[in-house]
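# Provided below for reference: sequence and predicted model.
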Amino acid sequence: MDMREACRIFAGHRGGAAAMVSSGQTPTMWEVAHEDPTLYFTGMSYSAAGALGLALARPDLKVVAIEGDGSMLMGLANLPTIGRYAPANLVVLVLDNRTYLGSFKGHLDSASVTTDFAAVAAATNFRLTITAETPEELDLAIAQAMAESGPSMVVARVDKTRVLDAAKQRTRPDRTEFTIAFQRWLADHPGPEDVPLPSAPVERSAETRGGDAQQFGRTAGGHLYRALKAAGIDFIVYLPDGELYSVIEEAEADPEMAAVCCNREDEGIAIAGGAAAAGRRVAVVMEGTGIGFSGLILAHEILNRVPMVILSSHSKEMGIRLPHNDVAAMVNEPVLDALGIHKVVLRHLADAELYIAESQRSAEVLKQPVAVVIPPHVMAEEAPSG
């Protein structure tokens, strides 16, 4: 079967599910099986991560990530995160032609010629994993994945042909138009008000993370965390960072906060983007090096008009404490500036509530990421009283 047939088979079982489609699969999916709740051009490796954020924020929706084999190989770190939080409403569909056909230049093999995606997904706690070699097998596999609790992965073995209607492709909307339509559909189809918080299958308490419950909220991290909550943030994605660790501990210990730990910072930005599309107020907490790792997905989120607040440690203008901190300072603010992302450097802990509240306000008005950069000395300050 070719990619067109695989997309049509999926469409037959979609049932109104929301979908996020990787860039290489966008032209075919849009041409043969478009439905309104679809976000296209998610970028290489970010469909599954974005779909995870959406699935966690909207457990009432079935959510499908459509990836190519090259995209899925780039995003293998997404699979353990999905398996950790195990959203029952998420399906990952991999259209595997075992080649980098999206280049339009040839048929260079991808590593999926020797990689079993279904086996990798099963090893990371996916509930259902199926590889389909024929249209009949794919029809049964997608029907099963859409009907059962996930997370699920279906790998469709498609051939190396790719046929597009050139005249129709010239009428295709751009990524921002697609995003607006996708977000409007989500807004017009709201979920329940009482959404269960996503969490890993471990007890969410200070004690399980080695902290002293009586000390929580009294540190600089506690002050920053209270500022995030005061700004209305209700969904935090993070990769542990030494400087901002106490903020992360606060989020994980708070039963009222959705807190998701990612494996790569760019993956975290994509997860946050999916949650923001569902209407959550999101923050991403990371070291400044993660900004350097996240340039591509940040560009996507700017074009996709996605509001989020980023807290990133290490400022270019001050705060080098250890020799290896120079890398964080080298990429943090320069990458934010290069992308035109509004940012502020928090020089005094007492300004945290104002800066974070105004950053959240700016993100919502501008409909794009904004950043609060945290120099290390701020985390050493005493939290203001009161």
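That came through fine.
# now do the same contact list for residue 44.
Taking CB atoms under 8 Å, 6 or more residues apart in numbering, we find residue 44 in contact with 22-24, 70-71, 74-75. All C-beta spots, glycine's among them, are computed from the backbone N, C-alpha and C.
# how about the secondary structure of it?
coil (DSSP: H, G, I helix; E, B strand; the rest coil).
# state the phi and psi torsions of it.
Dihedral pair for residue 44: phi -60, psi 120, per degrees, to the nearest 10.
# same question for residue 129.
The phi/psi pair for residue 129 (degrees, to the nearest 10) reads phi -140, psi 130.
# likewise the one 3 residues further on?
Per-residue torsions, residue 132: phi -110, psi 130 (degrees, to the nearest 10).
# count of residues packed around it?
Residue 132: 23 surrounding residues under other CB atoms under 10 Å.
# the one 5 residues further on now?
Close neighbours of residue 137, defined as other CB under 10 Å, add up to 17.
# residue contacts, it?
residue 130.
# that's a strand at it, yeah?
No - in this structure, residue 137 is helix, not part of a strand, as judged by three-state DSSP.
# which per-residue confidence value corresponds to it?
If you check residue 137, the pLDDT there is 97.
# for residue 360, see how far away it is.
47 Å (CB to CB, to the nearest Å).
# ok, the residue nearest the centre of the chain to residue 356 distance?
Centroid-nearest residue in the chain, with CA atoms, centre = their mean: residue 271, separated by 1.7 Å. Noted for residue 271: a distance of 20 Å to residue 356, by CB to CB.
# please name the bridge partners of residue 313.
residue 287, residue 374 (DSSP bridges).
# tell me where the stretch 51-200 of the chain has helices.
69-74, 78-85, 117-123, 135-147, 166-169, 175-188 (DSSP state H, counting those that start in this stretch).
# average pLDDT across the helix or strand following the last one?
Note on helix 175-188: by DSSP states H and E, the next helix or strand toward the C-terminus is helix 220-230. Mean per-residue pLDDT for helix 220-230: 94.
# just the buried positions in helix 220-230, please.
220-229 (16 or more other CB atoms under 10 Å).
# which residues does it contact?
Applying CB under 8 Å, 6+ apart, the contact partners of helix 220-230 are 216-217, 236, 244-251, 254, 257, 283, 309, 311, 349, 352-353, 355-357, 374, 378-384.
# again with stretch 181-197
Taking CB under 8 Å, 6+ apart as the rule, stretch 181-197 contacts 18, 36-39, 57-61, 173, 255-258, 277-279, 305.
# and if we set it to 10 Å?
With contacts defined as CB atoms under 10 Å, 6 or more residues apart in numbering, stretch 181-197 is touched by 16, 18-20, 35-40, 54, 56-61, 173, 204, 234-235, 254-260, 276-280, 304-306, 367.
# same thing with stretch 161-175?
Taking CB under 10 Å, 6+ apart as the rule, stretch 161-175 contacts 1-4, 23-24, 26-28, 30-32, 34, 39-43, 97, 99, 101-102, 104, 178-181, 300, 303-305.
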